[in-house]
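K.L.:
Structure for this input, please:
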Amino acid sequence: MTPQHIHFIAIGGAAMHNLALALHDLGHNVTGSDDAIHDPSKGRLAASGLLPDRMGWYPERIHAGLDVVILGMHARADNPELNKANDLGLRIVSYPEYLYEAAQNQQRIVVAGSHGKTTITAMLLHVLDHIGKKTDFMVGAQLAGFDRMVQLTGANDIVLEGDEYLSSPLDLTPKFHWYRPHLTILTGVAWDHINVFPDPDFYREQFVTYLLKMEPGGTVVWYSGDEELQKVMDEALPKRPDLKSIPYAEPEHEVEDGTLMLCLPDGRFPLGTVGGHNALNTVGALALCTAWGISRKDFLEAVKGFTGAAGRLERKRDLKLQGGDCTIFRDFAHAPSKVKATTASIKQQFAGRKLIAVLELHTFSSLNPAFLPTYAGALDAADEAWVCWSPDVLKHKKLPPLSASDVHRAFQRKDLGVCTSPEQILTAVTRATAPDTVFLLMSSGRFEGADLIGAIDTAAGS
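P.N.:
Sure, this is the predicted structure:
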């Protein structure tokens, strides 16, 4: 390998900083810029000497000696460093394009779909680590026991989380279109990202294109209970008769003494995750691993030790209160299908307790008046539900103001609590803290800096 000088524009992103660290570890000369970097990215970059000496975009960091510039989605099309790179005629790529080029000679296993991608990818990596199978990978969330969430060693196989969002400000290709898998799983199709996919049909078409780009003779594992995904398969498979189709269905599952049990024809198997949707994720991952040549026995033995990826239905606290525990879960859920599945799963697992769900509307789609009605019924499984959003975020995204009546009408729940400031939501969770409760805190953001877990801790007297 010939070391290259690689510059990252927007190095602080979850995938971008992990790719930067992986390339640095391989001996490349890596530099980068960003206008804001938060932990854990900040600490990891600093530990490897890759944290920019100052935040912001500086054209002088771009020079003719760079072999390639990797452009992140966080940067804008008029970025000063990007303009300089274009003026110099430098090679500019998105990170999925770079990953594809790095993995051209590997078998590519891609986890795709509107929900469950990170959890299933993390589950696969846990199983592979347990059985000692070496593989390269890219996953969008931190996994316990792994220092890096991107690894590029030239192993025979690479596991990729296949995000359908756009690749970069210059590359409007959905990320997963780049990967051209040999083996893939599709978990479901539920319209999201209204800012780039303006209607459900256009969104669904991205998954058809994804399958049409698969390598010849590829295998697709898919959830047969999803009507939109069924439409994708009905359109794609006649055009690609060479693809092997392996459908999977929702499994039977039970909760026994607080443990999720997967009920299969050959027995009942304990899982370390929570919620019925994770039983579904597990049988999907099992079907994928079986197609990959990993034995059913090895998978089921390994997966019982998997407790989830960071931020994906992560059990943060079990507070001991007189009269019953107070448990806190933190989840990345933001799209309607994810919110509904997560809320229903937690209620099922803790049927005897009061479930308090708190959802932050943070993404462009979730705050968009045209998309908001797709949340109808998403929080119905919760005994108490709160939705919060920031007027400042609406202004930043150039969206019209939201009113409480807009949100009540969209969610179709009259008793829904609404908050538009961190102080209001902190007050709400403090008042709700009580024995025999479960808090489900859902957001792809940070609740505008409000420490909800700390507030519940304090209210519980921890």
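K.L.:
can you confirm Val255 is in a strand?
P.N.:
Yes. The assignment for Val255 is a strand, going by DSSP: H, G, I helix; E, B strand; the rest coil.
K.L.:
show me the contacts for the closest residue to it other than its chain neighbours.
P.N.:
Leaving aside its chain neighbours, Val255 sits nearest to Gln349 (5.3 Å; criterion: Cβ to Cβ, 6 or more residues apart in numbering). (C-beta placed from N, C-alpha, C; glycine too.) Contacts for Gln349 (Cβ atoms under 8 Å, 6 or more residues apart in numbering) come out as 255, 258, 260, 274-276.
K.L.:
Settle this for me: Leu359 is touching Cys388, isn't it.
P.N.:
Yes. With contacts counted by Cβ atoms under 8 Å, Leu359 reaches Cys388, the gap being 7.4 Å.
K.L.:
for the stretch 201-350 of the chain, what spans make up the helices?
P.N.:
227-236, 276-292, 296-303, 336-349 (DSSP state H, counting those that start in this stretch).
K.L.:
Turn those into TSV, columns for mean pLDDT and distance to Lys395.
P.N.:
Shown next, in TSV, are these (pLDDT from 0 to 100; distance: least, Cβ to Cβ, whole Å):
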stretch	mean pLDDT	distance to Lys395
helix 227-236	98	33
helix 276-292	96	34
helix 296-303	96	45
helix 336-349	93	24
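K.L.:
Could you point out which of those helices sits nearest Phe269?
P.N.:
Nearest to Phe269 among the helices of the stretch 201-350 of the chain is helix 296-303; the distance by Cβ to Cβ comes to 5.2 Å.
K.L.:
what's the closest one in contact with?
P.N.:
With contacts defined as Cβ under 8 Å, 6+ apart, helix 296-303 is touched by 123, 126-127, 130-131, 269, 271-272, 282, 285-286, 289-290.
K.L.:
One more: stretch 145-154?
P.N.:
Outside stretch 145-154, the residues that touch it by Cβ under 8 Å, 6+ apart are 14-15, 18-19, 21-23, 25-26, 102-103, 106, 125-126, 129, 134-143, 158.
K.L.:
which helices and strands sit right next to the helix or strand Ile356 falls within?
P.N.:
Taking DSSP states H and E as the criterion, Ile356 maps to strand 354-360. Secondary-structure packing of strand 354-360 (3 or more Cβ pairs under 8 Å, 6 or more residues apart in numbering; DSSP states H and E): helix 336-349, strand 384-388, helix 422-432, strand 437-442.
K.L.:
Kindly reformat those as CSV and extend each row with distance to Lys414.
P.N.:
Putting the helices and strands packed on strand 354-360 into CSV (distance: least, Cβ to Cβ, whole Å) gives the following:
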stretch, distance to Lys414
helix 336-349, 17
strand 384-388, 11
helix 422-432, 17
strand 437-442, 20
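K.L.:
Asp415: which of the ones you listed is closest?
P.N.:
Of those, nearest to Asp415 by Cβ to Cβ is strand 384-388, at 7.8 Å.
K.L.:
Give me the contact list for that closest one.
P.N.:
So strand 384-388 is contacted by 354-361, 379, 407, 411, 413, 415-420, 424-425, 428-429, 432, 447 (Cβ under 8 Å, 6+ apart).
K.L.:
Show me this protein divided up by domain.
P.N.:
When the chain is parsed with automatic domain parsing, its domains come out as 5-90, 98-303, 314-460.
K.L.:
Buried ones from the contacts of stretch 145-154, can you make that a ChimeraX selection?
P.N.:
In ChimeraX syntax, the buried subset of the contacts of stretch 145-154 is picked out as below (16 or more other Cβ atoms under 10 Å):
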select :15,18,19,21,22,23,25,26,102,103,106,125,126,129,135,136,137,138,139,140,141,142,143,158
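K.L.:
Narrow the contacts of stretch 145-154 to those in strands?
P.N.:
136-138, 158 (DSSP state E).
K.L.:
any idea how far Ser366 is from Lys398?
P.N.:
Lys398 is 15 Å from Ser366, where distance means Cβ to Cβ, to the nearest Å.
K.L.:
hey, what's the closest residue to Pro52 other than its chain neighbours bridged with?
P.N.:
Closest residue to Pro52 apart from its sequence neighbours, by Cβ to Cβ, 6+ apart: Ser33 at 5.5 Å. Beta-bridge partners recorded for Ser33 (DSSP bridges): Ile9.
K.L.:
Any idea which residue is closest to the centre of the chain?
P.N.:
The centre of the chain sits closest to Thr118, judged by Cα atoms, centre = their mean, with a distance of 4.8 Å.
K.L.:
And the strands in the stretch 151-300 of the chain, which stretches?
P.N.:
157-162, 183-186, 219-223, 244-248, 252-256, 259-264, 267-271 (DSSP state E, counting those that start in this stretch).
K.L.:
Can you tell me which of these is most buried?
P.N.:
With neighbours taken as mean count of other Cβ atoms under 10 Å, these reach their highest mean count in strand 183-186, at a mean of 27.
K.L.:
For it, which helices and strands make contact with it?
P.N.:
Strand 183-186 packs on strand 107-112, helix 200-212, strand 219-223, helix 276-292, going by 3+ Cβ pairs under 8 Å, 6+ apart.
K.L.:
ok, the shortest one: who's next to it in the sheet?
P.N.:
Spelled out, it's strand 219-223. By DSSP bridges, strand 219-223 pairs with strand 183-186 (parallel), strand 244-248 (parallel).
K.L.:
All good on my end, thank you.
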